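A.B. asks: Sequence plus predicted model, see below.
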Amino acid sequence: MSHHPVVPLGDPLPPGEVERYSRHLLLPEIGDEGQRRLRAARVMVVGAGGLAAPVLLYLAAAGVGHLTVIDDDEVDLSNLQRQVIHRDADIGVPKVDSAARAVRALNPDITVETVHRRLDAECALSLFADHDVVVDATDNFTTRYLVNDACAILGLPLVWGSIHRFDGQATVWWAGEGPCYRCVFPTAPPPGSVPSCAEAGVLGSIPGVIGSIQTTETIKLILGLGQPLVGRMLVHDAMVQSWNIVRVEADPDCPVCGPNATITRLEDEAAVACGIEEREDAVATVSAPELAHLIQDGAVRVIDVRNAAERAIAAIEDSELMPIEDFRSGTAPKELAEGDPSVPLVFYCKGGARSEEAVRLYREATGGAARSLEGGILAWAREVDPSLVRY
């Protein structure tokens, strides 16, 4: 599909900017008018991590006049393998401040607005409404649904990307022009069923690949160039260096962009944001200090449900490795059920999601009880054993 530019023609370029953008000005498809549209554009970037790094840098380099970036996180050492907008010196600094520093150093002629908070229903509509395009550079399902619903309500195009290990996807969700995110993914997967980058890992260059595609799609929307990825999802597999297009269509029964929409305002409850009902099968947990006391008393069996690669980085001493895949296949619950029933079980992972899943799977398979280490090994390293490597 071709489309009209989403940004009207802006003021003439100042003389000092002609040389900076000369390679754009030489392209007939962009030229002076296109560069003036870029200069007049306002782009909202949700997230300041791996995907946002190339998005922010390339949009700034392209001359997009106003960038707003929202993120509540701070730069961590483990970010630097892929989040190339940040430096070692930025560790501990809010990501939005580090990102703004990099953008301003690259192009001091543009405006960067930072919002150091988590995106929520209270601020999403008011933040987005003053922008022409929204870029989703997030890494969690709750925020993705919130971003989508806000854009659908406002009629804004949403440039979306997602990465996992050696794979990536990108598309443009645009209610009214094509499907929105909820049309294709009406509900989020169960918590813990899809490992995050922090759990599964990601090749450091993949965010650069997908983020660059998001940047190109954003520029195309601003200028009205070519065919945006509306109704088409680009799927990349770096292991075989393949690119595929998957057709996606609007759902006439979509609760947020369909003719009989039921989601007409934003809320932060999980049932609305993600289409997930609150779980009734709550999992018993144990804190890191409590587990330390149990281990000291010799009155607990500790099970590591991560994978072997994670365990090689850091592990709780004397714990046993039983990856979450073994719980899903049923082998781990069977093996554990054959142990001493008088010894309590505690499962742990990196942050707590997989260990909670393991508790549920063990309970469903055996009827037995187990607990999950609250906060995972990160909490253990923070509260009990600071010598452990954090990842």
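C.D. replies: On my side now, so go ahead.

A.B. asks: Helix or strand: which one has residue 219?
C.D. replies: helix 206-223 (DSSP states H and E).

A.B. asks: CA-only coordinates of that helix in CSV, if you can.
C.D. replies: Included here for helix 206-223 are C-alpha records, laid out as CSV according to Å, rounded to 0.1, in the frame of the first residue of the first chain:
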residue,chain,number,x,y,z
ILE,A,206,20.1,-8.5,16.2
PRO,A,207,18.6,-5.4,17.9
GLY,A,208,20.7,-3.4,15.4
VAL,A,209,19.2,-5.3,12.5
ILE,A,210,15.6,-5.0,13.6
GLY,A,211,15.9,-1.5,15.0
SER,A,212,17.3,-0.3,11.7
ILE,A,213,14.2,-1.7,10.0
GLN,A,214,12.0,0.1,12.5
THR,A,215,13.9,3.3,11.7
THR,A,216,13.4,2.9,8.0
GLU,A,217,9.7,2.3,8.4
THR,A,218,9.3,5.3,10.6
ILE,A,219,11.0,7.5,8.0
LYS,A,220,8.8,6.0,5.2
LEU,A,221,5.7,6.9,7.2
ILE,A,222,6.8,10.4,7.9
LEU,A,223,7.6,11.0,4.2
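
A.B. asks: and it, how far from the chain's centre?
C.D. replies: 16 Å (C-alpha atoms, centre = their mean, to the nearest Å).

A.B. asks: Now the next helix-or-strand element following that helix: average pLDDT?
C.D. replies: Next helix or strand after helix 206-223 toward the C-terminus (DSSP H and E): strand 232-237. Across strand 232-237, pLDDT averages out at 98.

A.B. asks: what is the orientation angle of strand 232-237 with helix 206-223?
C.D. replies: 160 degrees (axes from the mean of the first three to the mean of the last three C-alpha atoms, to 10 degrees).

A.B. asks: switch to numbering from 649
C.D. replies: All right, first residue 649 from here; so that's strand 880-885.

A.B. asks: mind listing the strands in the chain by residue range?
C.D. replies: Applying DSSP state E to the chain gives strands spanning 690-694, 714-718, 759-763, 781-784, 806-812, 815-821, 880-885, 890-895, 933-934, 949-952, 968-969, 993-996, 1019-1021.

A.B. asks: pLDDT on the fifth one, on average?
C.D. replies: Model confidence over strand 806-812 averages 97 on the pLDDT scale.

A.B. asks: hmm, who's touching it?
C.D. replies: With contact meaning C-beta atoms under 8 Å, 6 or more residues apart in numbering, strand 806-812 is reached by 698-699, 781-785, 792, 795-796, 799, 816-822, 828-829, 842, 845, 848, 850, 854-855, 858-859, 861-862, 865-866, 869. In short, each C-beta sits where N, CA and C put it, glycine included.

A.B. asks: Okay, angle between that strand and strand 880-885 too, please.
C.D. replies: Using the same axes, to 10 degrees: strand 806-812 against strand 880-885 is 20 degrees.

A.B. asks: How far off centre is strand 806-812?
C.D. replies: 8 Å.

A.B. asks: And for the third one?
C.D. replies: Between the centre of strand 759-763 and the centre of its chain there are 20 Å (C-alpha atoms, centre = their mean).

A.B. asks: Pairing partners for it, with directions?
C.D. replies: Paired strands of strand 759-763, with direction, are strand 714-718 (parallel) (DSSP bridges).

A.B. asks: Please apply the same query to the last one.
C.D. replies: Strand partners for strand 1019-1021, identified by DSSP bridges, are recorded as strand 933-934 (parallel), strand 993-996 (parallel).

A.B. asks: Then the fifth one?
C.D. replies: Neighbouring strands of strand 806-812 in its sheet, by DSSP bridges, are strand 781-784 (parallel), strand 815-821 (antiparallel).

A.B. asks: List every C-alpha atom in that strand, with coordinates, as CSV.
C.D. replies: The C-alpha coordinates for strand 806-812 follow below in CSV (Å, rounded to 0.1, in the frame of the first residue of the first chain):
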residue,chain,number,x,y,z
LEU,A,806,2.9,2.0,15.5
VAL,A,807,6.3,0.8,14.3
TRP,A,808,6.9,-2.5,16.1
GLY,A,809,9.9,-4.8,16.5
SER,A,810,10.6,-7.9,18.6
ILE,A,811,13.8,-9.9,19.1
HIS,A,812,14.6,-13.3,20.5
